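Colleague: sequence and predicted structure below; questions after.
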Amino acid sequence: MITITSLFMLQACNSDSDTDVVFPEKPVVTIVDAAAADGNFTTLVTALEATGLDSTLADTDARFTVFAPTDDAFALLGQDTIDALLADTDTLSNILTYHVISGEVNAEAAIASAGQTVEMVNGDSIGLSLDGDNLLVNTATVTMTDIETDNGIIHVIDAVLLPPAEKGEPMMNIVDTAVSAGSFTTLVAALQATGLDSALADESKSFTVFAPTDAAFDIIGEQTLNLLLENPDVLTDILLQHVVEGEVPAVTAYTLNGLQATTLSGAMIDIAINSMTDKLTFGGANIVTKDIYTTNGVIHVIDMVVVGDVDVPTPPMSIVDVAIDNGNFTTLVAALQATGLDSVLADLSKDFTVFAPTDAAFALLGDDTINALLDDPETLSNILLYHVISDAKVMQDSAVTIAQSDNKMVTMTNEQMASLSLSGSTLYVNKSAVSAADVMADNGIIHVVDQVILPAASKGEPTMTIAEVADADERFTTLVTALTAADLVDTLADESATFTVFAPTNAAFDKIDDDTLNALLADTSALTDVLLNHVIAGSEINSLSAYAANGAILDTAGPEQVSINIVNFTETTNDASDEVAYDKTMQMLIGGMNSNHAGMTLYVFDNDLGTTGSTCNADCATNWPPVLVADDEVDNIPGLATTMRDDGTMQATYLGRPLYFYAGDSDVGDMNGQGVNGLWWTVKQEQVSLQVQGANVVVSDIYTTNGVIHVIDTVITH
């Protein structure tokens, strides 16, 4: 009653006053204001200002809907591309206006439009679709919706949208276009062998062709290809399921996400968007180039031959016979014979899928390990059976489809799980790359792998917490010191919680400059953030789950996210501009074609640890010449960077360590500098590595009572 009476009297007083109460006006917040204030759209705002579109999107008399790429989304283009676009404002304007709808479209309306195309301000259209509960714009995922401003709505996306190719006035039909391209010689030969070349050259009709490249055909192997050429009816079925009647440009295909296309063979082939890679796929194959227009349709280039349910002919040989006949699997055959598994895989009444390591793959284990395994048939048998899927013929396209699904695990014959994942166009089983696929046998299929697939460690019954394991391991004394300084020891000793920890070794911390490390250890807040960026809270992510997460971004217990990637160093380049290269046989870094000692062994120097650069100067550099980088470009291998030397030149580094040659090496392959004075070491790097934010996982699956530890070779500092 007192409150009500007071309010009444206040109103009465105000009503008698000659002065009206003036309330401050609400500030106007435009789309540009909101983007600038957020802090995650600095590249977008810079691009808008460079093109003058900032004033357009600040117009309060208009209404817009903007799909706004974050700074991380722009970063995916690469800085060179961003710089080129900022210098080409016409192209940049076209791209930016491809992110804008005239008028307001909230999330509810956008989701209701999934499966349709929507015209953008630049006149081109986008395709909307759904991936579970997520809205996709073309292949980009909307990560935040309905940021309202006074002149429109912002939806945040995780990739930059690129306008579709202009159709123009094509001059050649589908077949002539394929011939002219020069990268479809096998496809053209197959079309000619089946007589389909004349059908797809018919300009009175319209087709959409999902065209496998020569590289895609190469993966299935010459033997299988010859079998297909000898069976034109089967080859025809396979080719026709790469063709859809009518012209289906990429934007229309985006709207078909999650549906199936009816091909000319009658087969139904999945159209899907892999939201993790932002790739449009056809039957599991990545569409690597879109919208090549012809006079009678459109070509989309794919990186895999889609076999689907076509029954591929097989030679009258078992898997073992095929392996023997091939000549590149002598160690595998010897291992099968030593364990008696050769008779199992020779059984023509059964079906198998075998991921077969080559002799070169076994050689990576070393002779001592191979001989020890041959003397231990039980362990060897378990390893071999971990390469086999029983009672199934899993073709490459089926395996790739599994690798892009929500459940990427398959059960191997030893009853352990293996993970299938995809990086670019390469299929991986755990972290072993498939280099050739669909080698047919009468009782199954062989996929060739470049590393022996070792079964994951069993969990057993751990008895120590993460904190206790770290404290007991001499490799982690610096980590334990840091955890203690940040008061995180008790956290990682909590057995009621679950963690995954990517644990840097002492050697990893040694790569950090001593002054910087000491300053970090003294700054509790910053140290806590760095350490928690190495921790995934609430889940136990073992190596199999990490392989399955290839290409994903994970939330940490700290302020930053981390990326999980399988990196194949055998796929790195050694071009005329490269100072550093990778030797896959020796599994180490060597001088690149642009270095003064191409092909020679590279070394790191322990005296450089704890410093900001090279300590090998003057007379030292005579015996240990640095790998110099004159063009400021050294990015062909993940982990390469540069540091400035005392004389002002730039030296290549790998994972923070300066790289050197040794004057005592005279021939390619020499490693005379290894271990000199106990300070100089070759730069070893396994062919395929699981990496967390660029750090190599060197030991995985150390299980504890409250989670799992993976050992890494570099501190994650972002």
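Modeller: It's in. Numbers count the residues shown, from 1 in each chain.
Colleague: quick check, central residue of this structure?
Modeller: Nearest residue to the geometric centre of the chain (Cα atoms, centre = their mean): residue 551, 3.7 Å.
Colleague: would you mind giving both backbone torsions of that residue?
Modeller: phi 90, psi 0 (degrees, to the nearest 10).
Colleague: now swap in residue 566 and tell me
Modeller: Residue torsions, per degrees, to the nearest 10, at residue 566 are phi -90, psi 120.
Colleague: could you pull out the helices for the stretch 201-350 of the chain?
Modeller: Using DSSP state H, counting those that start in this stretch, the helices found in the stretch 201-350 of the chain span residues 214-220, 222-229, 232-240, 250-255, 319-326, 330-339, 341-344.
Colleague: mind listing what the residue nearest to the centre of the chain touches?
Modeller: 276, 277, 421, 422, 423, 563, 564, 565 (Cβ atoms under 8 Å, 6 or more residues apart in numbering). Every C-beta, even on glycine, is put in place using the N, C-alpha and C of the backbone.
Colleague: so the third one: helix, strand or coil?
Modeller: Here residue 421 takes the strand state, with states given by DSSP: H, G, I helix; E, B strand; the rest coil.
Colleague: can you count the residues close to it?
Modeller: A count of nearby residues for residue 421, using other Cβ atoms under 10 Å, gives 26.
Colleague: what does the model give residue 423 for pLDDT?
Modeller: Confidence at residue 423, expressed as pLDDT, is 87.
Colleague: that one against residue 549, yeah?
Modeller: No - Residue 423 lies out of contact with residue 549 (Cβ atoms under 8 Å); the separation is 11.7 Å.
Colleague: can you pull out the low-pLDDT segments for the stretch 1-150 of the chain?
Modeller: Low-confidence segments of the stretch 1-150 of the chain (pLDDT under 70): 1-24.
Colleague: mind listing the helices for the stretch 601-718 of the chain?
Modeller: According to DSSP H, counting those that start in this stretch, the helices that the stretch 601-718 of the chain contains are 619-623.
Colleague: in it, which spans are strands?
Modeller: Secondary structure of the stretch 601-718 of the chain by DSSP state E, counting those that start in this stretch: the strands cover 603-605, 640-644, 650-654, 657-658, 680-682, 688-692, 695-704, 707-712.
Colleague: please name whichever of the ones you listed is nearest to residue 126.
Modeller: strand 688-692 (33.3 Å; Cβ to Cβ).
Colleague: centre of the chain to the closest one, how far?
Modeller: 11 Å (Cα atoms, centre = their mean, to the nearest Å).
Colleague: thinking again about what came up before, and the residue nearest to the centre of the chain, how far from residue 321?
Modeller: For residue 551, the distance to residue 321 equals 37 Å [Cβ to Cβ, to the nearest Å].
Colleague: can you pull the buried residues of stretch 555-565?
Modeller: For stretch 555-565, the neighbour count (16 or more other Cβ atoms under 10 Å) marks 556, 557, 558, 562, 564, 565 as buried.
Colleague: contact partners for the residue lying closest to residue 377 once chain neighbours are set aside?
Modeller: Distances taken as Cβ to Cβ, 6 or more residues apart in numbering put residue 339 closest to residue 377, at 4.8 Å, once the chain neighbours are dropped. Residue 339 is in contact with 377, 380, 381, 384, counting by Cβ under 8 Å, 6+ apart.
Colleague: any of those buried? List them.
Modeller: For the contacts of residue 339, buried by 16+ other Cβ under 10 Å: 380, 381, 384.
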